[in-house]
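Asker: Predicted model and sequence follow; I will ask about them next.
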Amino acid sequence: AQSVTQLGSHVSVSEGALVLLRCNYSSSVPPYLFWYVQYPNQGLQLLLKYTSAATLVKGINGFEAEFKKSETSFHLTKPSAHMSDAAEYFCAVSDASGTYKYIFGTGTRLKVLA
Amino acid sequence: GAVVSQHPSWVICKSGTSVKIECRSLDFQATTMFWYRQFPKQSLMLMATSNEGSKATYEQGVEKDKFLINHASLTLSTLTVTSAHPEDSSFYICSAAANNKGAQPQHFGDGTRLSIL
């Protein structure tokens, strides 16, 4: 069965500092992986996706993620945090059983300190 | 591109009434739509998956008679919460995918905050 683990339910960084949000997955088949951001009282916005092409994926708003098969990881990074990055971030893996449902991580709340 | 509109964004109603939530894909055809429920400070819980023209597939523990899902066209799915009670109060979010292949991302609506008095 597939699963997603997001280490750290809360992460705080200073404005301008590196953002690193961790995501590890478990999958018996090559996974499709996604990062989403959710602002309060809103839906989820796609940041980036990995679909077996390049292992370093660039997304919107300066975010990128690297797929590392050996580490079963897909960590999200941004070189310099901005106040507007404060939000909830979700990692998801697409169910490869045929239904293509998402399996979500528990989410990481990013706080950016001035 | 890939815009999903969800309506209403907020609804307050009395216990016992039924509430319908609409989810529309505005600029693409959605083969598959998903309905989620999100509790405060928690992740999304998948309620059901719907494919255009067929019955929805509900997740274990979700009452299909309580949460009626209709996916009548490639751009519209509706969720009706029947005889709503306070315990049904939650944030409901829909998503849509252009096809049912795993590489295709889901695009999410902005959610509906349902409050049952």
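Answerer: It's in.

Asker: Give me the pLDDT value at the spatially most central residue of chain B.
Answerer: Taking CA atoms, centre = their mean, the centroid of chain B lies closest to residue B:35, which sits 3.4 Å from it. Among the per-residue scores, residue B:35 shows a pLDDT of 97.

Asker: how about it, phi and psi?
Answerer: Backbone geometry at residue B:35, expressed as degrees, to the nearest 10, gives phi -120, psi 130.

Asker: any idea how far the nearest residue to it once chain neighbours are set aside lies from residue B:19?
Answerer: Nearest residue to residue B:35, sequence neighbours excluded (CB to CB, 6 or more residues apart in numbering or on different chains): residue B:47, at 4.6 Å. (Each C-beta comes from the backbone N, C-alpha and C, glycine too.) Separation of residue B:47 from residue B:19 (CB to CB, to the nearest Å): 14 Å.

Asker: Neighbour count for these two, which is higher?
Answerer: Neighbour count, other CB atoms under 10 Å in any protein chain shown: between residue B:47 and residue B:19, residue B:47 has more, with 22 against 19.

Asker: hang on, the more buried one is in a helix, isn't it?
Answerer: No: under DSSP: H, G, I helix; E, B strand; the rest coil, residue B:47 falls outside any helix and is assigned strand.

Asker: quick one: it from residue A:43, how far?
Answerer: Distance check for residue B:47 against residue A:43: by CB to CB, it reads 15 Å.

Asker: Same check on residue A:3?
Answerer: Distance from residue A:3 to residue A:43, by CB to CB: 23 Å.

Asker: which ones are touching residue B:53?
Answerer: Under the criterion of CB atoms under 8 Å, 6 or more residues apart in numbering or on different chains, the contact list for residue B:53 reads B:71, B:72.

Asker: Secondary structure element holding it?
Answerer: In the assignment (DSSP states H and E), residue B:53 maps to no helix and no strand.
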